[in-house]
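# Quick one, fold the following:
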Amino acid sequence: MDALLLTLVMLVGLACGIPVVYAFLLASAVTILFADTGITLTFVAQSLTVAGDSFPLMAIPFFILAGLIMGRGGISRRLFVLANALVGHLPGGIGVAAVLTAMFFSAISGSGLATVAAVGSIMIPEMVKSGYSRRYSAALIAAAGTIGVVLPPSIPLVLFGVVTGTSIGDLFIAAVIPGIIMGLALMGWVIVHAKRHHIHGVERSTWRERAQAFWGSIGGLLMPVIILGGIYGGVFTPTEAAVIAVVYGLVVSLGFYRETTLREILNTFGRAAISTSALMVMVTAAVVFGHFLTIEDVPATIVSAMSGISDNPIVIVLLANLLLILIGTFMDTIPAILLTSPVLMPVLVEAGLDPIHIGIIVVVQIAIGFVTPPLGPNVFIASNTAKVSSEQTMIAIMPGIALLLGVALLVSFVPWLSMAFIAP
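Predicted coordinates:
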């Protein structure tokens with residue numbers, strides 16, 4: 001009954017429009033007051049402090065800051081020039097280049113919304129000039145933005161690692177192939193659409209032009225190489241990698257590209273601080289809520305319930321995917337991961353899945369929530385950039401959502417795609 005009270009208060013709070021962080025805390029407070037949990041408000045205050053006092057969690061603000069600095073430093077335009085030089089000659093070349101640009105930028109920013117905002121402002125006008133409709137251009141950029149939270153350095157992967165105690169470095173490595181497959185699926189969608197609407201690519205670039213484009217964007221492209229190479233090579237931890245990414249971003253933006261000023265960089269620090277503050281409050285509140293779930297034995301109850309439906313691992317994985325789709329549709333990415341990770345981890349481990357593989361399944365499915373109604377923040381940002389209604393974009397993006405869901409199921413049932421580069 002205590003678990004039921006905890007869950008109902010949270011759901012009612014969310015239904016009434018209360019911010020997620022306050023819904024977590026409200027549910028915890030009501031449970032303390034009206035249920036016999038043995039927990040005091042002092043414990044809640046201590047938990048809020050201890051939850052934020054985490055060395056791995058410090059990677060989040062630094063990766064956010066590094067992404068904002070690189071975005072401000074003119075990297076987006078250079079990445080587009082490189083992508084266009086590589087794939088612009090394919091059918092619908094600008095659209096294919098848009099997806100590749102989003103993949104490049106995702107490996108720098110670790111954020112879906114930042115990817116849509118940075119890439120969309122450059123690519124949507126170019127796509128419209130090439131013959132794409134505004135609504136399709138917005139739909140494609142919104143869909144490509146989902147890759148931003150899958151490819152490392154992914155903020156949701158960091159959170160999953162912190163909440164479940166899973167290696168963040170291994171999660172980063174495991175996400176590379178699934179992220180690339182998501183990009184390839186969207187590129188295929190572009191090519192089919194372009195052939196159907198007779199949208200042609202640009203003239204094939206020479207190898208000299210490609211080399212020049214590569215050299216022009218080398219500063220941004222090296223960042224994910226340094227991060228992944230350093231973490232997996234044992235040179236530094238993910239948190240240390242995040243700090244190095246900030247320093248590297250400052251050097252590239254101010255010393256190499258020189259398309260930003262010190263004043264703009266200082267403003268970027270302020271934006272990062274605001275974003276981090278809001279995120280950390282949500283994380284600490286979710287940790288407190290998670291304590292209550294554990295005390296009330298909710299994860300074990302869910303494991304038992306799902307096992308009661310079927311003991312077939314395939315059915316259990318399908319049920320977990322369905323749950324993630326539903327939660328991602330109605331809840332923002334960060335609280336969705338904080339809420340589902342500790343609950344689904346024992347369920348899927350019981351079904352025989354590796355914790356690293358579970359992390360990729362959770363993040364890929366939750367990422368699709370960026371483009372599904374009614375939340376779909378990527379859709380709103382891309383629609384605003386393209387100057388079309390979100391309803392039009394939502395209709396146009398449906399084939400893209402279907403493709404992404406197909407990729408999510410592929411990743412769920414083919415463990416090799418996540419575990420290929422993970423040391424046994």
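# now T146: how far from V12?
30 Å (C-beta to C-beta, to the nearest Å). No exception for glycine: its C-beta is placed from N, CA and C like everyone else's.
# what's near enough to touch N321?
Applying C-beta atoms under 8 Å, 6 or more residues apart in numbering, we find N321 in contact with 361, 365, 408-409, 412.
# on that earlier part again, more neighbours: T146 and V12, which one.
T146 (32 against 14; other C-beta atoms under 10 Å).
# ok, the more buried one touching G179?
No: assessed by C-beta atoms under 8 Å, T146 is found out of contact with G179, at 9.5 Å.
# Just the element for M345, please.
If you go by DSSP states H and E, M345 is part of helix 333-350.
# Skip ahead from that helix and say which helix or strand is next.
Assignment by DSSP H and E places the next element after helix 333-350 at helix 355-368.
# so what does that following helix touch, helix or strand wise?
helix 155-164, helix 168-174, helix 176-196, helix 313-330, helix 333-350, helix 398-413, helix 416-419 (3 or more C-beta pairs under 8 Å, 6 or more residues apart in numbering; DSSP states H and E).
# Would you mind saying which of these lies nearest I226?
helix 168-174 (12.4 Å; C-beta to C-beta).
# Show me what the mean pLDDT comes to for that closest one.
Helix 168-174 carries an average pLDDT of 90.
# Now do it: which elements does it pack against?
Going by 3+ C-beta pairs under 8 Å, 6+ apart, helix 168-174 lies up against helix 155-164, helix 218-232, helix 238-250, helix 355-368.
# same thing but at 7 Å, please
helix 155-164, helix 218-232, helix 355-368 (3 or more C-beta pairs under 7 Å, 6 or more residues apart in numbering; DSSP states H and E).
# center of the protein, which residue is that?
V149 (1.8 Å; C-alpha atoms, centre = their mean).
# Need the nearest residue in space to F289, chain neighbours excluded.
F24 (4.1 Å; C-beta to C-beta, 6 or more residues apart in numbering).
# for the stretch 151-300 of the chain, which spans come out with low pLDDT?
By pLDDT under 70, the weakly predicted segments of the stretch 151-300 of the chain are 279, 282, 286-287, 290-300.
# ok, now which ones touch W215?
Going by C-beta atoms under 7 Å, 6 or more residues apart in numbering, W215 touches no other residue.
# Okay, buried residues for the helix or strand harbouring it please.
Assigned by DSSP H and E, W215 falls within helix 207-216. Residues of helix 207-216 classed as buried by neighbour count (16 or more other C-beta atoms under 10 Å): 210, 213, 216.
# After the helix or strand where R77 lies, which helix or strand is next? Please name it.
In this assignment (DSSP H and E), R77 forms part of helix 75-87. Sequence-wise, the next helix or strand downstream of helix 75-87 (DSSP H and E) is helix 93-109.
# so who does the nearest residue to S154 once chain neighbours are set aside touch?
Leaving aside its sequence neighbours, S154 sits nearest to G110 (C-beta to C-beta, 6+ apart; 5.2 Å). Neighbouring residues of G110 by C-beta under 7 Å, 6+ apart: 63, 67, 148, 153-155.
# switch the cut-off to 10 Å
Listed by C-beta atoms under 10 Å, 6 or more residues apart in numbering, the contact partners of G110 are 59-60, 63-64, 66-67, 148-158, 172, 224, 227, 242, 245.
# residues near F413, how many?
Close neighbours of F413, defined as other C-beta under 10 Å, add up to 14.
# Could you pull up the contacting residues of it?
313-314, 317-318, 321, 361.
# Ok, I168 next?
So I168 contacts 56, 59, 152-154, 157-162, 231, 237-239, 241, 359 (C-beta under 10 Å, 6+ apart).
# Look up how far S217 lies from the residue nearest to it when sequence neighbours are not counted.
Distance criterion C-beta to C-beta, 6+ apart; nearest residue to I168, sequence neighbours excluded, is G161 at 3.8 Å. Note on G161: its distance to S217, by C-beta to C-beta, is 29 Å.
# looking just at contacts, which helices and strands does the longest helix anywhere in the chain meet?
Secondary structure of the chain per DSSP state H: the longest helix is helix 262-295. When contacts are defined as 3 or more C-beta pairs under 10 Å, 6 or more residues apart in numbering; DSSP states H and E, helix 262-295 packs onto helix 2-15, helix 20-34, helix 41-52, helix 59-72, helix 155-164, helix 238-250, helix 298-309, helix 333-350.
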